[in-house]
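Chemist: Pasting a predicted model and its sequence here:
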Amino acid sequence: MKLVLWDIDHTLIATRGVGREIFGDAFEQATGTPMREQATVDGMTEPVIFRRTAELHGITSDRSMFENFARHSAELHRQRAHDLRERGHALPGAAAALAELAGMDDVVQSVVTGNIRPAAEIKLQVFGLDTHIQFPYGGYGEDHDDRAELVRTAITRTSAATGAEIALADVLLIGDTPADVAAGITTGVRVLAVATGRTPAADLSEAGATDTVCDLRDASPLHNLLR
């Protein structure tokens, strides 16, 4: 069995600012402090972004504060699904790539994302990208701070749910940041880097991606890496 693990933001979708607005509102609800600035988000998990953003505001956070933030974030994503749909968009080739992989024998698709699971599900649902994703198999921001651990979590969950032994050589991680590439290298899985985020293709290749594409309309590396 082949396991494909997708990043979400800037790999499959772009929220065009709605995600940041939701984060800011959830941050204020959880801390009582309006968000003046947000910590770096590229490749980071939600607990890390929340903790570092809190530090920027002189706030010492703990797990219970993050969990409060996560509850508000989940509800705000549900409330603002229309805004996500209207202002955001699926990235070029995303829907076709998901559907094409779904048509391949013995390929299972899930996600490895810094998002909390409710946000991940809503973000893909609003753009019709959820059909082929096995959400229970994924690794999410609330599971661990470290993205490499999310990869391991997803492999473990998939194996437990399917009863299949999953070799690392049969896992493909797809993402848009050097953090995605680093997670793949750390865990020993292959990485297809997609230059639809803020990192140029050359930098993703230099970071050690197994292969790099400008966007998901170039499907040939998917086939090559899943042979």
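Modeler: Received it, and whenever you're ready, just let me know what you need.
Chemist: Grab the most central residue of this protein for me.
Modeler: Here the mean C-alpha position of the chain is nearest to the C-alpha of residue 113 (C-alpha atoms, centre = their mean), at a distance of 2.6 Å.
Chemist: Report the separation between it and residue 224.
Modeler: In this view, residue 113 and residue 224 are 24 Å apart by C-beta to C-beta, to the nearest Å. (Each C-beta comes from the backbone N, C-alpha and C, glycine too.)
Chemist: Residue 161 is in what secondary structure piece?
Modeler: helix 147-162 (DSSP states H and E).
Chemist: how's this structure carved up into domains?
Modeler: 2-15+89-225, 18-85 (automatic domain parsing).
Chemist: With respect to burial, which of those domains scores highest?
Modeler: For those, the largest average neighbour count (mean count of other C-beta atoms under 10 Å) is found in domain 2-15+89-225, namely a mean of 20.
Chemist: how long is it from one end to the other?
Modeler: 10 Å (C-alpha to C-alpha, to the nearest Å).
Chemist: Relative to the whole chain's centre, how far out is that domain?
Modeler: Distance, stretch centre to chain centre, for domain 2-15+89-225: 7 Å (C-alpha atoms, centre = their mean, to the nearest Å).
Chemist: Mean pLDDT for the domains of the chain - can I get that in JSON lines?
Modeler: Formatted as JSON lines, the domains of the chain follow (pLDDT from 0 to 100):
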{"stretch": "domain 2-15+89-225", "mean pLDDT": "96"}
{"stretch": "domain 18-85", "mean pLDDT": "97"}
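Chemist: That concludes my questions; thank you for your assistance.
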